[in-house]
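K.L.:
Pasting the sequence and the predicted coordinates here, then a few questions.
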Amino acid sequence: MHFSLKRTTLVTLCLAGLVGSASAADQPPAMRVLSTPLGTQFGLFGEKPTFPAPTLFVFATSMDEMARLHVYTEAGRRLARHGWLYVTLDPPCHGRDHHDDEPAALSGWAHRIENGTEVVGPFTERCADVLDYLINQGYTDSGRVAASGTSRGGFCALHFAAADERVRAVAAVSPVTNLLALREFAGVRESRVRDLNVAELGSRLAGRAVWLSIGNDDRRVSTDDCVAAARRLMNAAGGAAVDLVVSPADGHRAIENAYALAAEFIRQQTAGPTANGNKVAEGPLGGSRTILFVDDHAILYRSGTTRVLHEPVRHARNPVIAETKPWELAIAYCSVYRHPNSGKHQLWYQAYAGGRADDSTRRVVVCYAESDDGIEWTKPDLGLFDFNGATETNIVLIGNGGRSVNYGAAVLVDPNDGDAARRYKMAYWDFVKQDDGDVPGLCVAFSPDGIHWTKHPDAPLLKAAYGVPSQPPFDGAAAGGPPIRPAISDVIDLMYDPVHEMFVIYAKTWIDSPKGNRFWKRAVVRTQSSDFIHWSAPQLVMAPLQSDSGQLHGAPVFYRHGVYFGLVQRLDFRGHDASGSGDMPAELALSRNGVDWQRPFKDTAFLPVATDRDAFDAGCLWTNAMPVFLDEAIRFYYGAYTGWNSDVESDNSGIGLATLPRNRFVGVEPIDRIGQITLKPLELDGRRRLTVNADAANGSIRVEVLTLGGCRLPGYTRDESLALHGDSLQHPVRWKSKTIADLPAGRYQLRLHLDNAEVFAITLGE
C-alpha cells in the first residue's frame, strides 16, 4: 500500500512497502575510544582524514556493543564509502554513563526522570562537546554533520539534532518517539516526560531534514506514536524534508533496507552543490565511466610505450577579449561559465588601472563580458560603477581602497544553491580596513546573476601573510600579527570539488629561504568550505622542487573523470631577490585526491608562453579552474600580458583561448611502433558499449578481454578484435562475433594492442 501527503514541495509523508534486500555494507573499521579535553569519551570509526570530513553521529546502545553489533553502524559504513567519518557515544544509563546505584538502559532513564534527574540535556551536551572537539581538531566539516540512531538511539539522534543546529540531517530507524509507550515507563507520570517526546521537537527541528522509518505493527515503541510524531514534525518543518517510511516488519525490527535508505537520505540532504554546470556522477558504476591515461592509476602495466603531453591550440583570433577601456591597463585573472542549456557564456576578468584611476577603489576592478559562442565577446555598459566619472562601464566589483591593489578574483556558479541571491559566488583577495590598519586576506561576495554583487560583511575570512622578508616565522595569532602559516596570499583560484562535496580554494602562499627568512618562493595552499563562509586552515599542497628553476605562483584546479588537474602557473623567478625572465607558462599537474600532487610534466609546458615576444601572451599566463567542456573539445580561457618585468603602460594584455580535443590531455603511444596497455581488473557487468579515444590514423588498435587471472578469453582475443583505424574521440570496440554486452557478469582485464597509434582514454558505457 502506498500513499503520499504533501504540505510543501519538499515535505513528504509516505506509507510504502519496500522491496529489495539490504546488501551488507563494508567491513567496519575498528573503533577507537577518544576523549575530549572536558573528559567526554566517544568512539571513532576510522582514521583522522587528510582534511575535515562529513561526520555522522550514530546511536543505539553502549559504545562497546556498537563496536561489536555491526548492524547498528551500517548507515555509517555506507556513508564511509563517500568519505564520511562516523562516531558514537554512550546513551544515558549505558556503558560509561551508567551509575552503580541505578538500573541500566531504559529502566535507568525512567529512574532518573521519576527522580527529577535530567536525561536528555546532559547527553546532548556531551554530543556537542564531541562535535566541538572533532571540528577543532580537523576531523569534521562543520557544515556537514548528521545524526542517526535505532530505537532508543533514534530518540537520542532526534534530540541531539534539536539541541544543536550544526546537525543538518537526522535519520531514526524504528525510533522511540513517546517514552510512555515503553514498558519501562509504566507508572512514570506523564508530566515528567511530555516535553521530551519527539512530537514536541517540531520548532527545534525546523529547517533540518528528518527521516523516520517504522514497522507497520511495532508495539514496542508504537507505530501510531511514530506516525503522529512525524505529522507534527512535518507541520513545523519550515520547508525542510520530513520523510516517514512505514513498511511491514516483524515486531520491533528495522524495516527492510532501512539503513541503506537512511544513509542515502543523509547523503542527499547534506550534499554540496554541483557547481559551474559540470555534473559528476557518484559511485563506480554511475553512468558511463571514462578512464583517462594521464597516469597509471588504472593501468596494471604497459610495455613498449611512452606518455606524451598534448598542448592546447591557441585560437587564431587571440586575444578574444582585448584592452579597449581606460580601466584596462592590464588584464589578468579570469573566470568563465557556459550555461549548459542556453550555451550563453559569462566571463569575469581582473582589470588593472593603477595610476590612471582617480579613486583608489578603482585601481583594480572586476569586469564582466558575455558571449553567445565563446569567441565573439561584448562588454556591456552596466552603469554600476563609474571610472573617473564615466558611468558606462562593465565594472561589477571594485576594491576596498586599501594599501594594496592585488585582487585575484575567481567566480563560480552554483546552480543548486537554494538561495537564488547566492548562486554566483566570488572569492577574492583584498585589504580590509580595520581599526588597527588594513588587514589583507580572503573576501567573498554573492550574486543572483553574476553582475550585481554583494560583498559578505565578514572579512577577511582568512588572513593573508604579510610583512618583510627578513622577518622570521612566528605565531601571529599569539603575537597579534600575521596568521600562523601557511597562509593565503594574493592569488585565489576557486573550484567545486564534487568528490569531497566542498568549495575549494587553491591559493598562493610563501615558503621560507634556506636561512629561514620569509617570502622566499611562492607555493600553493588548499582551503575548503561547505558553506563558502567558514574555511579550513590553509594546507600546503604544492611547493617548488629543488630542481625547479622558478616558483609556483598559483595552481587553478579542475576535476575530470577521477583526476584533479592543476594548471600550475610556473613563474621564472629564482627567489625573492634573484633574477629571471619573468615568464609564467602553465604546467599540468595531477592528483587523485586534490591534496597529494604529482608533476610528471614539469619540464614541458602544457600552455607555453607565445614565441612571438610582441604577442599579448608572450610573458605571463593566468590560467583558471573553469575550462568549458564541449562535446568535442575543452576550451581553456586565460588572462595574459606581455611580461612580468616589462612596462605595464606599454604591455599588451587580454583574454586568450586555447582548445584541446576532448580528454586529450595526455596520450600513450609505442616507443618503437608496437606497444600494449593492460588495465587493472574492471567490473564489466551491465556495460553495453566500449569506446576508445585514440589517433590510429597511421596504424591500428586492437582490444582484447582477459580473465581476472590474465588469460585470453575466447571470442575476445586480439585476433578476433576488429581493428580500429583513423582518428576518433570514440572508436567503437567490437569483435568478430562478440560485443562487450555478451560478457557474463564478473571482473575482467582489458588489453589494448597499439600499432603506431596513440590512445588517450577508454569509456565504459551503459
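P.N.:
Yep, that arrived. Residues are numbered from 1 along each chain as shown.
K.L.:
And for residue 680, the neighbour number?
P.N.:
By other C-beta atoms under 10 Å, the residues close to residue 680 number 14. All C-beta spots, glycine's among them, are computed from the backbone N, C-alpha and C.
K.L.:
what's the answer for the one 4 residues further on, then?
P.N.:
Counted with other C-beta under 10 Å, the neighbours of residue 684 add up to 19.
K.L.:
Look up how far residue 663 lies from it.
P.N.:
Using C-beta to C-beta, to the nearest Å, we find residue 684 at a distance of 20 Å from residue 663.
K.L.:
Check what pLDDT residue 564 gets.
P.N.:
For residue 564, the pLDDT comes out at 96.
K.L.:
And the one 3 residues further on, by the same measure?
P.N.:
Each residue has a pLDDT score; the one for residue 567 is 98.
K.L.:
what residues are up against it?
P.N.:
555-558, 586-588, 606-607, 623-625, 636 (C-beta atoms under 8 Å, 6 or more residues apart in numbering).
K.L.:
State the helix or strand in which residue 295 lies.
P.N.:
Here residue 295, judged by DSSP states H and E, is contained in no helix and no strand.
K.L.:
what do you get for residue 587?
P.N.:
Assessed by DSSP H and E, residue 587 sits inside strand 586-591.
K.L.:
list the helices and strands that strand packs on?
P.N.:
Judged by 3 or more C-beta pairs under 8 Å, 6 or more residues apart in numbering; DSSP states H and E, strand 586-591 is in contact with strand 563-571, strand 597-598.
K.L.:
if you compare the ones you listed, which one is most tucked away?
P.N.:
Sort these by mean neighbour count, taking mean count of other C-beta atoms under 10 Å, and strand 563-571 sits at the top with a mean of 24.
K.L.:
Parallel or antiparallel, which strands does it pair with?
P.N.:
Each strand that pairs with strand 563-571, with its direction, by DSSP bridges: strand 551-554 (antiparallel), strand 557-560 (antiparallel), strand 586-591 (antiparallel).
K.L.:
which sections of the stretch 1-150 of the chain are below the confidence cut-off?
P.N.:
1-27 (pLDDT under 70).
K.L.:
isn't residue 452 right up against residue 384?
P.N.:
Yes - counting by C-beta atoms under 8 Å, residue 384 is a contact partner of residue 452 at 7.3 Å.
K.L.:
list the residues that contact both of the two?
P.N.:
Common contact partners of residue 452 and residue 384 (C-beta under 8 Å, 6+ apart): residue 396.
K.L.:
follow-up on the earlier one: quick check: of the contacts of residue 567, which lies closest to residue 60?
P.N.:
Nearest to residue 60 among the contacts of residue 567: residue 557, at 40.2 Å, using C-beta to C-beta.
K.L.:
any idea how far that closest one lies from residue 595?
P.N.:
As defined by C-beta to C-beta, residue 557 lies at a distance of 11 Å from residue 595.
K.L.:
all strands for the stretch 251-400 of the chain, in order.
P.N.:
Secondary structure of the stretch 251-400 of the chain by DSSP state E, counting those that start in this stretch: the strands cover 289-292, 299-303, 305-309, 313-314, 321-322, 330-338, 345-352, 364-371, 377-378, 395-398.
K.L.:
So for the third one, what gets flagged as buried?
P.N.:
Of the residues in strand 305-309, those with enough neighbours to count as buried (16 or more other C-beta atoms under 10 Å) are 305, 309.
K.L.:
Sheet partners, orientation included, of that strand?
P.N.:
Strand pairing for strand 305-309, using DSSP bridges, gives strand 666-670 (antiparallel).
K.L.:
cool, the first one as well?
P.N.:
For strand 289-292, the paired strands and their directions (DSSP bridges) read strand 758-765 (antiparallel).
K.L.:
For the partner strand, buried residues please.
P.N.:
Across strand 758-765, burial judged by 16+ other C-beta under 10 Å covers 758-764.
K.L.:
Stretch 362-381 now?
P.N.:
Under the neighbour-count criterion of 16+ other C-beta under 10 Å, stretch 362-381 has 362-371, 374, 377, 379 buried.
K.L.:
got it, and stretch 336-344?
P.N.:
For stretch 336-344, using 16+ other C-beta under 10 Å, the buried residues are 336-338.
K.L.:
CSV for those, including pLDDT and distance to residue 49?
P.N.:
Below are these laid out as CSV (pLDDT from 0 to 100; distance: C-beta to C-beta, whole Å):
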residue, pLDDT, distance to residue 49
336, 97, 32
337, 96, 30
338, 95, 33
